[in-house]
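> Using only what follows, build the 3D model:
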Amino acid sequence: MSSVNVIAFYLPQYYPISENDKYYGKGFTEWTNVGKSTPLYRGHYQPRIPADLGYYDLRIPEVMEQQVLLAKEANIAAFCYYHYWFGNGKVLLEKPLQLMLNNRNIDFPFCLAWANHTWYKKTWEADAGILKNELIVEQAYLGEDDIIKHFYYLLSSFKDPRYYRIHNKLVFVIYDCISFPYIDKFKNIWEELAAKEGLPGFYFVGCANDIGTLKNEIKYSEYDAVILSLLTHPIRGGIYNFWGRVKYKLLMKVSSILGRPLQVYQYSDAIKKFVDKLYSENNIYPVLIPNWDASPRRGKGAYILHGSTPELFKQHVKSIINIVRNKPSEDQIVFLKSWNEWGEGNYMEPDLKYGKGYINALREALEEIE
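As a prediction, the model looks like this:
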């Protein structure tokens, strides 16, 4: 069996919160959009209906226990929970993490990914031909005092024996590296506080959404490692060059004006572009993508990968593992996006069409490669 460790991103937006109630309607969760989704073209796989776990509510402890059992079946090494800290103690979607910390029946490693971005409600105004952004919560960076507050808010997580480590350091992922204004200050303060609290220190991991950004942003050198997603490579022209950027920007402009599903690509073709030689570098971590269909969230403006199957996903996994397995054992890390992003068609959990197909495909791929 492969020694590669797969860490799955985990979305906690499956219970009501007051902000979503206010802007989207009482009781809104990720399931609201998933449940009302409809096909946009012939052969479009929508709606997607959950099987084993149903339309679950993450306020129920047994749900997370069942999720862990399924993740273990897939040979997933850890969950990486999205964490929302907006500054000055403002947090959202924190309840699943707190329930997990208090539930010792959940015997499964975890780490955190700070989803440091502003929340907007996006509304398409057809008459004006514009996409309107209505502010829900703004991401703020408030300096040293806030950095300290942030650390102590998460201290119980960092001291939990289940917290996942790389090179014996606590893994902490920062989603938006580009707009984060003071990574050096943040790192230095957290490392000092970690030493004070008897912690081993941190392994800071950044996120890059394309090769061009990774190569051109010096900020990435300030992280211990970078998660490189190639999700949009099929529409950026594969290699991120000038004409790839032109094509991508033109496509986005036309799509926003016409509101038509111009971004539909075959999954079987896309997975060939989800591999790059950069993945052989020790501190660059690949991203596995079982599927992508954001139409429940974005409607006709969605980016869609059509035709994903467990068999194709298994091929995708093997192509990544064959690169990563040549790294030192501590760096044989792969991130999976995602465990449960149903609103983006991006999930491993069982559905009515494929059952545990993707779970089985990941396990088999890991078992079949030495």
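
> which stretches of the stretch 101-250 of the chain have low pLDDT?
123-131, 218, 234-250 (pLDDT under 70).

> Could you rerun that using 50?
126-129, 237-241 (pLDDT under 50).

> can you map out the helices along it?
144-153, 155-158, 183-196, 211-216, 233-236, 242-258 (DSSP state H, counting those that start in this stretch).

> Flag every buried residue along the first one.
Residues of helix 144-153 classed as buried: D146, I147, H150, F151 (neighbour count, 16 or more other CB atoms under 10 Å). (C-beta placed from N, C-alpha, C; glycine too.)

> Could you check how far the closest residue to the last one other than its chain neighbours is from Y153?
What that stands for is F151. Leaving aside its sequence neighbours, F151 sits nearest to L193 (CB to CB, 6 or more residues apart in numbering; 4.9 Å). Distance from L193 to Y153, counting by CB to CB, to the nearest Å: 12 Å.

> quick revisit: what's the spacing between the residue nearest to F151 and N5?
27 Å.

> Neighbour count for these two, which is higher?
N5 (22 against 18; other CB atoms under 10 Å).

> quick one: contacts of stretch 268-281?
Residues outside stretch 268-281 that contact it (CB atoms under 8 Å, 6 or more residues apart in numbering): 211, 214, 228, 230-231, 233-234, 238, 284-287, 289, 305, 307, 312, 315-316, 319-320, 323-324, 326-327.

> returning to that earlier point: what's the closest of the buried residues of helix 144-153 to L53?
H150 (31.5 Å; CB to CB).

> Find the helix or strand that the residue lying closest to that closest one once chain neighbours are set aside is a member of.
Closest residue to H150 apart from its sequence neighbours, by CB to CB, 6+ apart: W85 at 5.5 Å. In this assignment (DSSP states H and E), W85 forms part of strand 78-87.

> Can you list the strands that that strand pairs with?
strand 5-10 (parallel), strand 90-92 (antiparallel), strand 110-114 (parallel) (DSSP bridges).

> out of these, nearest to E349?
Of all the strands paired with strand 78-87, strand 5-10 comes closest under CB to CB, at 10.4 Å.

> Assess the claim that L155 and K196 are in contact.
No: contact criterion CB atoms under 8 Å: L155 and K196 do not qualify, at 10.6 Å.

> Of these two, which one has the most company?
Comparing L155 with K196 by other CB under 10 Å, the one with more neighbours is L155, at 13 against 9.

> residues in contact with the more buried one?
By CB under 8 Å, 6+ apart, the neighbours of L155 are E197.

> so how far is I148 from it?
11 Å.

> Any buried residues in stretch 277-288, and which?
Buried, per 16+ other CB under 10 Å, within stretch 277-288: L278, Y279, I284, Y285, P286, V287, L288.

> make that stretch 339-359, sorry
Neighbour counts over stretch 339-359 (16+ other CB under 10 Å) mark 339-351, 354, 356-359 as buried.

> Over to stretch 187-195?
K187, I189, W190, L193, A194.

> any idea how far F186 is from the nearest residue to the last one once chain neighbours are set aside?
Closest residue in space to A194, ignoring its immediate chain neighbours: G201 at 5.2 Å, by CB to CB, 6+ apart. In this structure, G201 and F186 are 14 Å apart, going by CB to CB.

> More neighbours: which of the two?
F186 (23 against 16).

> who's in contact with the closest residue to that one other than its chain neighbours?
Nearest residue to F186 in three dimensions, chain neighbours excluded: I147, at 5.5 Å (CB to CB, 6+ apart). Going by CB under 8 Å, 6+ apart, I147 touches K185, F186, I189, W190.

> neighbours around D293, how many?
D293 has 26 nearby residues by other CB under 10 Å.

> Please name the bridge partners of it.
Applying DSSP bridges, one finds that D293 bridges with I304.

> so how far is E19 from the closest residue to E30 other than its chain neighbours?
Leaving aside its sequence neighbours, E30 sits nearest to Q13 (CB to CB, 6+ apart; 4.6 Å). With distances taken as CB to CB, Q13 is found 11 Å from E19.

> Looking at those two now, which is surrounded by more residues?
Shown here are Q13 and E19; by other CB under 10 Å, Q13 has more neighbours (21 against 15).

> Hmm, the more buried one is touching T32, no?
No: counting by CB under 8 Å, Q13 stays clear of T32, with 10.1 Å between them.

> what's the strand or helix carrying I323 in contact with?
Using DSSP H and E, the element containing I323 is helix 310-324. Defining contact as CB under 8 Å, 6+ apart, one finds that helix 310-324 is touched by 2, 4, 267-268, 271, 274-275, 279-280, 286, 288-291, 332-334, 354, 357-358, 360-362, 364-366, 368-369.

> Could you figure out how far that helix is turned away from strand 5-10?
Orientation check (axes from the mean of the first three to the mean of the last three CA atoms, to 10 degrees): helix 310-324 against strand 5-10 gives 130 degrees.

> quick check, distance from the helix or strand following helix 310-324 to the centre of its chain.
Sequence-wise, the next helix or strand downstream of helix 310-324 (DSSP H and E) is strand 333-336. Here strand 333-336 shows a centroid-to-chain-centroid distance of 10 Å under the convention CA atoms, centre = their mean, to the nearest Å.

> CA atoms only for strand 333-336 - export them in CSV, please.
This file holds the C-alpha atoms of strand 333-336, laid out as CSV (Å, rounded to 0.1, in the frame of the first residue of the first chain):
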residue,chain,number,x,y,z
ILE,A,333,1.3,14.6,1.2
VAL,A,334,-1.7,15.1,-1.1
PHE,A,335,-4.7,17.3,-0.3
LEU,A,336,-8.2,16.3,-1.5
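
> Alright, that wraps it up for me.
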